[in-house]
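1. Sharing a sequence plus its predicted fold:
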Amino acid sequence: MNGDSDMLYHELFGEASDDDLEFLDDFEEPIPGLVVYRNVQSAEQCLQYFSWLTSEYFPDTPSNTSNRRVNQGMHFGALTDPDTPLGQLCQICTTLSGLLPASVLARSVVFDQAIINLYDRGEGIGDHVDLLRFEDGVVGFSFGGSATMRMRKVGSGDMQRAATYARELESEDPEEVTVRLNAGDVYAMSGEARYQWTHGIPKTSAGVDNVQSRRISVTLRKLAVQADQSQV
């Protein structure tokens, strides 16, 4: 983060404090390794993050999806400072009981990479497994509009392909789980959910646009040792 970003963070959020981290004990485990916490952040906090993410990564991105535009941002570097917006999200991950396994939390740096995706109405992302150059433990935060995330079980022969690039599965009848993600929700994938299930945001759900209004997601990951940052 640069100085301007830090200043904007304090203007929006104030000083970071463990006393501010109060969560509802409201979580789900639809499949092994997938944990979903509901309402982790208040509507006001979500609006503050949505505004900050928009100004930081998408200040000039129009909602017209027919034009080529910026809809993704990235951060590289240890997310260990709770006095930054992304560092605060990382701190939330370590505070939510059962969100991540002990082996992930024991890392000296839990997360050092973030990908920020913007979705406007009718947009999505193909089913994929996060690249194997990232370690176990992936956490996603949702801001703005809601969306349904689809997860599909993949066989061992499909995993390497799925981890190389995002694409729709070709299986006619895959095992499938859907999870509704609203602003303020947090999900984590580890173990089986991380490596043996794809996840994606389909463009349509139940015959209508899955994303109805602008949505921004923040995904936190940890680069494996000697991973190539140019191919994330």
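-> Perfect, I can see it now.
2. C-alpha only now, for contacts and for neighbours.
-> OK.
3. Wait, a helix at Leu86?
-> Yes. Counting by DSSP: H, G, I helix; E, B strand; the rest coil, Leu86 is found in a helix.
4. Can you tell me the SS state at Pro216?
-> That one is not Pro; residue 216 is Ile. Ile216 is classified as strand under three-state DSSP.
5. dump the residue contacts of Asp112.
-> By CA atoms under 8 Å, 6 or more residues apart in numbering, Asp112 lies in contact with 75-79, 220-223.
6. which of these are buried?
-> 78-79, 220-223 (16 or more other CA atoms under 10 Å).
7. Sitting in strands, which of those do you find?
-> 220-221 (DSSP state E).
8. Tell me the one among the contacts of Asp112 nearest to Gly207.
-> The nearest member of these to Gly207, counting by CA to CA, is Leu220 at 30.5 Å.
9. partner residues bridging the closest one?
-> Ala114, Val139 (DSSP bridges).
10. I'd say it and Asn117 touch.
-> No. Checked against CA atoms under 8 Å, the pair Leu220 and Asn117 is beyond contact range at 11.6 Å.
11. Could you list every helix and strand in contact with the helix or strand containing Ile92?
-> Assigned by DSSP states H and E, Ile92 belongs to helix 85-95. Applying 3 or more CA pairs under 8 Å, 6 or more residues apart in numbering; DSSP states H and E, we find helix 85-95 packed against no helix or strand.
12. Identify the residue nearest Arg150 in space, chain neighbours excluded?
-> Excluding the flanking residues, the one nearest Arg150 by CA to CA, 6 or more residues apart in numbering is Thr178, at 4.5 Å.
13. can you give me the helices in the chain?
-> Listed in chain order, the helices of the chain (DSSP state H) span 3-13, 43-57, 85-95, 102-105, 156-164, 192-195.
14. And the last one, what's buried?
-> Buried residues in helix 192-195, defined by neighbour count with 16+ other CA under 10 Å: 193-195.
15. any weak-confidence spans in the chain?
-> For the chain, residues meeting the criterion pLDDT under 70 lie at 1-28, 66-67, 156-174, 227-232.
16. mind running it again at 90?
-> Applying pLDDT under 90 to the chain flags the ranges 1-30, 60-69, 127-128, 131-132, 153-176, 205-207, 225-232.
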